[in-house]
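> Model the structure of this input:
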Amino acid sequence: MKIVLDTNVLIAAHASHGLAGAVFELCLREQTIIISPEILRELANGLLKKIGAPPSIAAAVIELLNRTAEVHKPLPIPPGSCRDADDLHILGLAVAARADRIISGDEDLLVLGSFRGIPIVSPRQFWDAERQSKPCVHETPRPPYGRSRTAKRRT
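Numbers count the residues shown, from 1 in each chain. Below you'll find the model as predicted:
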């Protein structure tokens with residue numbers, strides 16, 4: 001399946017080891033991730049400025065995506081196709097790559113539900129659908145180390 005991961009999902013995937021990270025890892029292993037040069041630029045900027053990642057980490061993430069993802073140039077999409085003109089490149093990328101899904105946390109995209117037959121889903125919706133279709137997918141992402149927040153302490 002070809003998946004367009006919105007920049008906000010990619011940044012969140014590297015900001016913590018939560019749901020977005022689990023979705024990113026699942027897509028790396030089992031799907032084809034579709035990106036554009038613009039997404040790579042936004043991701044590098046977001047990693048450096050929004051989450052304060054060291055330049056070496058940001059460069060490693062960009063290199064990983066350059067090696068593993070398909071890079072496409074978005075097709076032009078008419079203004080007014082979505083509420084936020086900044087999101088037109090995500091829609092154009094999905095159309096250009098003939099993507100099967102767009103995964104985004106952006107409400108301006110999620111409100112569309114789909115675009116030209118391409119479903120637009122949240123990371124949670126994607127994770128839940130994958131969990132239903134593959135029983136081996138963990139119920140919820142596990143913390144990278146230590147106890148979960150809900151684990152009880154022994155006394």
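
> all helices of this protein, in order?
7-15, 19-30, 37-45, 55-68, 88-97, 107-110, 123-133 (DSSP state H).

> can you list contacts of the fifth one?
Spelled out, it's helix 88-97. Helix 88-97 has contacts (C-beta atoms under 8 Å, 6 or more residues apart in numbering) with 2, 4, 6, 34-36, 38-39, 70, 72-77, 79, 81-82, 99, 102, 104, 106, 109, 115-116, 118. C-beta: built from backbone N, CA, C; applies to glycine.

> Which of those residues fall within strands?
Counted as lying in strands by DSSP state E, out of the contacts of helix 88-97, are K2, V4, I34, I35, E70, I102, F115, I118.

> Low-confidence regions, this structure specifically.
135-155 (pLDDT under 70).

> hmm, 80 instead?
Applying pLDDT under 80 to the chain flags the ranges 134-155.

> wait, doesn't L26 sit right on S133?
No - L26 lies out of contact with S133 (C-beta atoms under 8 Å); the separation is 11.6 Å.

> Neighbour count for these two, which is higher?
Between L26 and S133, counting by other C-beta atoms under 10 Å, L26 is the more crowded of the two (20 against 8).

> So for the more buried one, what's the nearest residue that isn't a sequence neighbour?
Spatial nearest neighbour of L26, chain neighbours left out: E130 (6.4 Å); criterion: C-beta to C-beta, 6 or more residues apart in numbering.

> Could you report the distance from that neighbour to S122?
Note on E130: its distance to S122, by C-beta to C-beta, to the nearest Å, is 13 Å.

> coming back round to it: buried subset of the contacts of helix 88-97?
Listed as buried from those are 2, 4, 6, 34-36, 38-39, 72, 74, 77, 82, 99, 102, 104, 106, 109, 115, 118; burial here means 16 or more other C-beta atoms under 10 Å.

> how far away is the closest residue to P55 other than its chain neighbours from C82?
Nearest non-adjacent residue to P55, counting by C-beta to C-beta, 6+ apart: L48, 6.7 Å away. In this view, L48 and C82 are 27 Å apart by C-beta to C-beta.
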